[in-house]
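Engineer: Compute the structure for the input listed below.
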Amino acid sequence: MTKLLIVDDDRFIREGLVQLIDWDDLGVEIVGMAEGGREALRMFEDRQPHIVLTDIRMPQGDGLELIERIRDKGWQTQIIVLSGYNDYAYVRQAMKFQVEDYLLKPVDATELTNIIKNCCESNDEQWRNEQLKRESFQLLRDNILLRWIENRIQPDQLGEKLSFLGIDVKKKDLFQAGVISWTDWKEAELSRSEQQFRSFAIVNCVGEALANEDRGIAFPNQSKEIVCLLFGKSRQGFDSASFAADNLQWMRKIANLYAPALKTPWFCTLGSVSANTQSVHVAYRDALRLQDHIHLMEGPICVDKSTVAKHDHAALYVSDNREHVLAALLAGKRDLCTEAVGKDFQWVVNQHDPLSAARHAAAEWIVLIKLALKQKKLPLDKFFAGNQTMMHLFRRNDIGDIRNDLLQLLNELDMAWRSNEPKKRKSIALQVEKFLHSHYAEELSLQIIADRFNVNNIYLGRLFKEETGDYFSDYLTNIRLDKAKELLETTPLNASEISVRVGYADPNYFFRKFKQTIGLSPTEYRNLHEKT
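Structural biologist: Okay, here's the model as predicted:
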């Protein structure tokens, strides 16, 4: 609610103002009443009101002094002045300090209500603008950091960008990247809200913990996993190995602290240590690769390369022939894959701990299945989350059962390939797609399209999602933003002109949507393209 402080030396006026209008109906909370400027200033610092309603002349600190002190401190509080008919000279002085309005005593209820409404609306707009600025800065920050760890930014630009973000790494010579994933394959498929909660909660907790100890930073990657960049300085008795060991211990402590509190799975992997900012992407790549090797471990966990379970036995067939087996998986050659599984389990039965060896072999196959899904550009969570075969595989205590579950996974992978093959779209979905590509600049909505094609809008929405894989609004947004990017790259049109050409009547909405989706403002996108 909007907070209000009332200041007047007359108790009856103060109490009368409280009763004069319905403050609750306006969404206003009266957080204090003071009989002078000095008392009001003390209340102000403690209660931080959004609006101050103050008299001008008061024996215990006048209103002009109060207003001046508020403005000297840089507070953006809205101020409404109460005055008598003989106080006009004081009101003129108050106006110099950017007061919102003034009221003559006795106060008219309707006039006060209208002024308070305007102040509340202005306060809400200011809050929204501040939120937008924070969100825009966060998007820009995450985009810069993601480009850094993916090695998509030049060293000279990186230094400038990190300085702009207030991230000082000039005196650091030890860097380690970690990745925290929060998806447990034993769970059912997560809702979008649950995914957002887990990612948001973890990045905030870890980011704050890293900042409090000046250890580094945290941010989400494109999969909403949490990337941790840990910074350090080498010194006598503290080298890269010590740095890695210290980070592993600290990250395990964080995992055990926050995972139970947030009630979320927690799988953290730490990559190698690098000596400069230019090789941080190598550490990040190592951390991502380790994520593929921890399927059978119970969370919350935090591991690095040295602590991931290894076998001293001869290499598995799937490990020695990875490219060959991967090609067979992608081509759907089940006979070759089944043969490879058979060779691995021949090795399994000859080990001193066959059950452990079987789990190790299954983990290596899951790594390969992940690689195949990524190459086919199919989402991992769609295949693994809630997968009953995977859930059984985690619990098996018999090597024959593990082998059978693995073969069943390969069957399911074949089915995924077949279901992903291009299929003939239903005619109405095709017609809608063609229409959107030709008329994206017009005013469009699902209801407008449904009316045009004489179908129910709910039915059309479901059919469109089923046939294209995208919601109608997302599909239209992607068309419009792709066209906007093309115009930014190939024409001198300014962003406002482009917004109209691609179907956005409100340029401000276009700017926000572009920034939210692309990660850059239209101007930043154009400048980046011009440099490349």
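
Engineer: does residue 507 really touch residue 501, like I thought?
Structural biologist: No. With contact defined as C-beta atoms under 8 Å, residue 507 does not count as touching residue 501 (11.2 Å). (Each C-beta comes from the backbone N, C-alpha and C, glycine too.)

Engineer: Now do the helices in the stretch 301-450 of the chain.
Structural biologist: Assigned helices in the stretch 301-450 of the chain, in chain order: 317-320, 322-331, 334-349, 354-375, 380-384, 388-395, 399-420, 427-439, 446-452 (criterion: DSSP state H, counting those that start in this stretch).

Engineer: I'd like those written out as CSV, with mean pLDDT and distance to residue 18 added.
Structural biologist: Formatted as CSV, these follow (pLDDT from 0 to 100; distance: least, C-beta to C-beta, whole Å):
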stretch, mean pLDDT, distance to residue 18
helix 317-320, 79, 77
helix 322-331, 84, 74
helix 334-349, 89, 78
helix 354-375, 84, 64
helix 380-384, 72, 55
helix 388-395, 76, 62
helix 399-420, 86, 66
helix 427-439, 88, 56
helix 446-452, 90, 47
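
Engineer: Can you tell me which of those is nearest to residue 84?
Structural biologist: Comparing these against residue 84 with C-beta to C-beta, the closest turns out to be helix 446-452 (57.1 Å).

Engineer: Could you tell me how far the next helix or strand after the closest one lies from the centre of the chain?
Structural biologist: Using DSSP states H and E, the next helix or strand after helix 446-452 towards the C-terminus is helix 457-468. The chain centre lies 28 Å from the centre of helix 457-468; the measure is C-alpha atoms, centre = their mean, to the nearest Å.

Engineer: Could I get the CA-only coordinates of helix 457-468 as CSV?
Structural biologist: The C-alpha trace of helix 457-468 is given here as CSV (Å, rounded to 0.1, in the frame of the first residue of the first chain):
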residue,chain,number,x,y,z
ASN,A,457,-10.9,-19.8,-30.5
ILE,A,458,-10.3,-22.4,-27.7
TYR,A,459,-10.2,-25.2,-30.3
LEU,A,460,-7.9,-23.2,-32.6
GLY,A,461,-5.5,-22.4,-29.7
ARG,A,462,-5.2,-26.1,-28.8
LEU,A,463,-4.9,-27.2,-32.4
PHE,A,464,-2.2,-24.6,-33.2
LYS,A,465,-0.2,-25.6,-30.1
GLU,A,466,-0.5,-29.3,-31.0
GLU,A,467,0.5,-28.7,-34.7
THR,A,468,3.3,-26.1,-34.3
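
Engineer: if we can go back for a sec, pick the most buried one from the helices of the stretch 301-450 of the chain.
Structural biologist: helix 354-375 (a mean of 19; mean count of other C-beta atoms under 10 Å).

Engineer: tell me what that one is packed against?
Structural biologist: On a contact count with 3 or more C-beta pairs under 8 Å, 6 or more residues apart in numbering; DSSP states H and E, helix 354-375 meets helix 317-320, helix 322-331, helix 334-349, helix 380-384, helix 399-420.

Engineer: Try it again at 10 Å.
Structural biologist: On a contact count with 3 or more C-beta pairs under 10 Å, 6 or more residues apart in numbering; DSSP states H and E, helix 354-375 meets helix 280-291, helix 317-320, helix 322-331, helix 334-349, helix 380-384, helix 388-395, helix 399-420.

Engineer: Next, the residues that contact the second one from outside, please.
Structural biologist: For helix 317-320, contacts defined as C-beta atoms under 10 Å, 6 or more residues apart in numbering pick out 314, 324-326, 337, 339-347, 360-361, 364-365, 367-368.

Engineer: do stretch 246-253 as well
Structural biologist: By C-beta under 10 Å, 6+ apart, stretch 246-253 touches 174, 176, 178, 180, 206, 209-210, 213, 215-216, 228, 230, 232, 238, 268-270, 273, 300-304, 306-307.

Engineer: make it 7 Å
Structural biologist: Contacting residues not belonging to stretch 246-253 are listed as 176, 178, 230, 268, 270, 302, 304 [C-beta atoms under 7 Å, 6 or more residues apart in numbering].

Engineer: Sort out which residues of that stretch are buried, please.
Structural biologist: Neighbour-count burial for stretch 246-253 flags 246-248, 250-252 (criterion: 16 or more other C-beta atoms under 10 Å).

Engineer: Cross those against helices and list the overlap.
Structural biologist: 246-248, 250-252 (DSSP state H).

Engineer: Out of these, flag the one nearest to residue 165.
Structural biologist: Using C-beta to C-beta, those come closest to residue 165 at residue 247, 21.7 Å.

Engineer: What score does that closest one have for pLDDT?
Structural biologist: You'll see residue 247 listed with a pLDDT of 95.

Engineer: any idea how far residue 417 is from it?
Structural biologist: 40 Å (C-beta to C-beta, to the nearest Å).

Engineer: now do residue 476
Structural biologist: From residue 476 to residue 417 the distance is 30 Å (C-beta to C-beta).

Engineer: Equivalent analysis for residue 219, please.
Structural biologist: Computed as C-beta to C-beta, the residue 219 to residue 417 distance reads 34 Å.

Engineer: Check residue 492 too.
Structural biologist: Where residue 417 is concerned, residue 492 sits at a distance of 46 Å (C-beta to C-beta).

Engineer: swap in residue 341?
Structural biologist: Distance, residue 341 to residue 417, using C-beta to C-beta: 18 Å.

Engineer: before we move on, what about residue 98?
Structural biologist: Counting by C-beta to C-beta, the gap from residue 98 to residue 417 is 66 Å.

Engineer: The closest residue to residue 142 other than its chain neighbours: which element?
Structural biologist: Sequence neighbours aside, residue 219 is the residue nearest to residue 142 in space, at 4.8 Å (criterion: C-beta to C-beta, 6 or more residues apart in numbering). Assigning secondary structure by DSSP H and E places residue 219 in strand 216-220.

Engineer: ok, and what's touching the following helix or strand past that strand?
Structural biologist: Remark: after strand 216-220, the chain's next helix or strand is strand 226-232, criterion DSSP H and E. The contact list for strand 226-232 (C-beta under 7 Å, 6+ apart) reads 149, 169, 172, 174-180, 199, 202-203, 206, 210, 215-221, 243, 247, 280, 284.

Engineer: hmm, try it at 6 Å
Structural biologist: Under the contact criterion C-beta atoms under 6 Å, 6 or more residues apart in numbering, strand 226-232 has outside partners 169, 172, 174, 176-180, 202-203, 215-219, 221, 243, 247.

Engineer: Having no further points to raise, I will conclude here.
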